[in-house]
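>>> Model the structure of this input:
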Amino acid sequence: MGVAKAVVFKHNADVKPLLETFNQMVNECMAYALKNDISSPMKLERALYNHFKQKYGFATHYCI
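Numbers count the residues shown, from 1 in each chain. The predicted structure is shown next:
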C-alpha cells in the first residue's frame with residue numbers, strides 16, 4: 001500500500017487557460033507524430049519547435 005500526502009495550495013491565478021493551451025499543444029504533438037510516423041521525442045521536438053514558438057509565444061523552454 002502506498003502513502004499519499006495532500007497539500008493545499010491557495011492561489012488567485014486563473015490557470016485554466018494555461019492548462020487548455022497545454023492540452024492543445026499535446027494534442028497537436030500527438031496528431032503530428034502520428035501523421036508523420038515520428039516516434040522519437042527529439043525528432044518531434046525538432047519538427048515542431050519553431051512552429052510552437054511562433055504560434056504560442058511562450059518562452060522557448062516551455063515549447064519543449
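
>>> now this structure, which segments are flagged as low pLDDT?
60, 62-64 (pLDDT under 70).

>>> what ranges do the helices span in the protein?
16-35, 41-56, 60-63 (DSSP state H).

>>> do you know which of those helices lies nearest residue 4?
helix 16-35 (22.0 Å; Cβ to Cβ). No exception for glycine: its C-beta is placed from N, CA and C like everyone else's.

>>> I'd like to check the angle between the closest one and helix 41-56, please.
130 degrees (axes from the mean of the first three to the mean of the last three Cα atoms, to 10 degrees).

>>> CA-only coordinates of helix 16-35 in PDB, if you can.
Coordinates of the C-alpha atoms in helix 16-35 are reproduced here as PDB (Å, rounded to 0.1, in the frame of the first residue of the first chain):
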ATOM      1  CA  LYS A  16      -7.500  27.200 -16.700                       C
ATOM      2  CA  PRO A  17      -6.400  29.000 -20.000                       C
ATOM      3  CA  LEU A  18      -2.800  27.800 -19.500                       C
ATOM      4  CA  LEU A  19      -3.900  24.200 -19.000                       C
ATOM      5  CA  GLU A  20      -6.200  24.400 -22.000                       C
ATOM      6  CA  THR A  21      -3.300  25.700 -24.100                       C
ATOM      7  CA  PHE A  22      -1.000  22.900 -22.800                       C
ATOM      8  CA  ASN A  23      -3.700  20.300 -23.700                       C
ATOM      9  CA  GLN A  24      -3.900  21.800 -27.200                       C
ATOM     10  CA  MET A  25      -0.200  21.600 -27.600                       C
ATOM     11  CA  VAL A  26      -0.100  17.900 -26.500                       C
ATOM     12  CA  ASN A  27      -2.900  17.100 -28.900                       C
ATOM     13  CA  GLU A  28      -1.100  18.900 -31.800                       C
ATOM     14  CA  CYS A  29       2.100  17.000 -31.000                       C
ATOM     15  CA  MET A  30       0.300  13.600 -31.000                       C
ATOM     16  CA  ALA A  31      -1.500  14.300 -34.200                       C
ATOM     17  CA  TYR A  32       1.700  15.500 -35.900                       C
ATOM     18  CA  ALA A  33       3.700  12.500 -34.700                       C
ATOM     19  CA  LEU A  34       1.000  10.000 -35.900                       C
ATOM     20  CA  LYS A  35       0.600  11.700 -39.300                       C
END
